[in-house]
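S.K.: Build me a model from this:
(one chain, ligands or ions: 1)
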Amino acid sequence: MNIVNKMKTDWNRRAEHHAQYWIATENFHDDQKFSRSGEQSARVLLTTIAPYYDPSWMVLDIGCGIGRMLKPLAPHFRSLVGIDVSGEMIRKSKKWLHGLGNVKTLETSGVDLRPFPSDSFNLVYSYVAFQHMPRQVFERYLEETNRVLQPDGYLAFQIPIGLHRNAALGDTIGIRNYSREEISEKLARLGFQLVEERDSKTITGKKQIPIEKLPFILAQKITTAMPDHVTDWVNTDCEKEFSLLDTRMWLWFAEQCLHEGRQDEALRTYKSLLEQDPRSLENWSRIVENLIERGQTKEAQETLEKLKGALPTYTKLNALLNTLK
Ligand SMILES: C[S@@+](CC[C@H](N)C(=O)[O-])C[C@H]1O[C@@H](n2cnc3c(N)ncnc32)[C@H](O)[C@@H]1O
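M.R.: Have a look, this model is predicted:
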């Protein structure tokens, strides 16, 4: 599986599981809280662009999710387009943004902005999305943003600035950190000029900032970039990459459910986790334990039978253990 398919598979699975959790982890419990988080993030963006803002702008949101920010931003701009690699996020965005005539969302490849001609937008923004993408994908989006922005257009984006941190190509949730120098170099090379140097404390992450109020970096397009079309990484195989953070986030959700007495949802979450990582004995045992606790012994037995097929080593070890008895 290449990176495009991996991003689509992983983010579709997350969107099907619980889109709002995977978008705004701390604010997923109810729609009102989720809406409020969108309003707060929108306010951060509006404050960042305030000195240059024009309501006639055409705006693009990269990695829009279900449109958490598009909704509160809609009254402030002429038109807005949200794109996302996940078709399932986009399907859900239609419901979340229902009735907003100046907002459109669409599923795209996850590596470029092909549906849009050059010079289409005045402002491109992205929030808590670039940080989950491989460096190559982020850079490709910067190139593409330069192309689709009008001359002098603005790019506002959130990215963690700090000590260099990377993740495997196929890790679609792991956080990538960038040094200030790396961001400055990329922006300069790709035709942008930094507009605003934000307070270094907020940007370097030394101060704990709630997820919905992370700062944006603001840059302006000053020249047309010469894109570098070397994209070999698109074909690299990354099927088996499943990160620790991914597992932790699925488990945290399931544990929350158990804590709140939502057993069915916990079980559904464990099953989803198992589908993604069938070699994990721990995931199998979580499901079996959960079924036993609920008195579903028949289903627990069937699950153990399936385990034999999925993990032949487990059966082998069991057989060896029996010979020792
Ligand atoms: C944490 S969510 C944030 C959603 C939205 N920006 C918000 O703040 O509400 C990250 C989003 O980025 C999307 N995404 C991840 N990789 C992407 C890519 N390569 N291209 C476009 N969208 C991507 C995911 O599907 C997901 O909807």
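S.K.: right, and Gly67 touches Lys104 too?
M.R.: No. Using CB atoms under 8 Å, Gly67 is not in contact with Lys104, being 10.2 Å away. C-betas here are computed from N, CA, C, even on glycine.
S.K.: Please identify which of the two sits among more neighbours.
M.R.: Neighbour totals were compared for Gly67 and Lys104, and Gly67 leads with 28 against 15 (other CB atoms under 10 Å).
S.K.: quick one: the more buried one and His98, what's the gap?
M.R.: 10 Å (CB to CB, to the nearest Å).
S.K.: which residues in the stretch 151-300 of the chain form helices?
M.R.: 180-189, 200-204, 244-259, 263-276, 281-293, 297-310 (DSSP state H, counting those that start in this stretch).
S.K.: got a list of contacts for the fifth one?
M.R.: With contact meaning CB atoms under 8 Å, 6 or more residues apart in numbering, helix 281-293 is reached by 254, 263, 266-267, 270-271, 273-274, 277, 297, 299-300, 303-304, 307, 310-311, 314.
S.K.: and that helix with helix 244-259, angle?
M.R.: 10 degrees (axes from the mean of the first three to the mean of the last three CA atoms, to 10 degrees).
S.K.: just the fourth one next, same as before
M.R.: For helix 263-276 and helix 244-259, the angle between their directions (the same axes, to 10 degrees) works out to 160 degrees.
S.K.: Run the chain-centre distance for helix 263-276.
M.R.: When C-alpha coordinates are averaged (CA atoms, centre = their mean, to the nearest Å), helix 263-276 and its chain have centres 20 Å apart.
S.K.: What parts of the stretch 51-200 of the chain come near the ligand?
M.R.: 62-65, 68-69, 84-86, 89, 110, 127-129, 132-133, 137 (CB under 6 Å from any ligand atom).
S.K.: Only whichever of those residues are buried, select them in ChimeraX.
M.R.: Buried members of these, defined by 16 or more other CB atoms under 10 Å, are picked up in ChimeraX with:
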select :62,63,64,65,68,69,84,85,86,89,110,127,128,129,132,133,137
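S.K.: In helices, which of the residues of the stretch 51-200 of the chain next to the ligand fall?
M.R.: If you go by DSSP state H, these have 89, 137 in helices.
S.K.: shared neighbours of Gly67 and Lys104, which are they?
M.R.: Common neighbours of Gly67 and Lys104 (CB under 8 Å, 6+ apart) are Gly82.
S.K.: Give the closest residue to Glu182 in space, chain neighbours not counted.
M.R.: His164 (7.6 Å; CB to CB, 6 or more residues apart in numbering).
S.K.: Neighbours of the one you found, how many?
M.R.: Neighbours of His164 using other CB under 10 Å come to 9.
S.K.: Please report how far it lies from Ser243.
M.R.: Counting by CB to CB - His164 and Ser243 are separated by 17 Å.
S.K.: quick one: contacts of the longest strand seen in the chain?
M.R.: Longest strand in the chain, counting residues (DSSP state E): strand 149-157. By CB under 8 Å, 6+ apart, the surrounding residues in contact with strand 149-157 are 45, 48-49, 52, 119-127, 130, 142, 145, 192, 195, 216-222.
S.K.: if we go to 7 Å?
M.R.: Here strand 149-157 makes contact (CB atoms under 7 Å, 6 or more residues apart in numbering) with 45, 48-49, 52, 119, 121-126, 130, 145, 192, 216-221.
S.K.: cool, stretch 159-168 as well?
M.R.: Here stretch 159-168 makes contact (CB under 7 Å, 6+ apart) with 130-131, 135, 174-180, 183, 203-205, 217, 238, 241, 243.
S.K.: Can I get the buried part of those as one ChimeraX selection?
M.R.: To isolate the buried subset of these in ChimeraX, counting by 16+ other CB under 10 Å, use the following:
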select :130,131,135,174,175,176,177,178,183,203,204,217,238,241,243
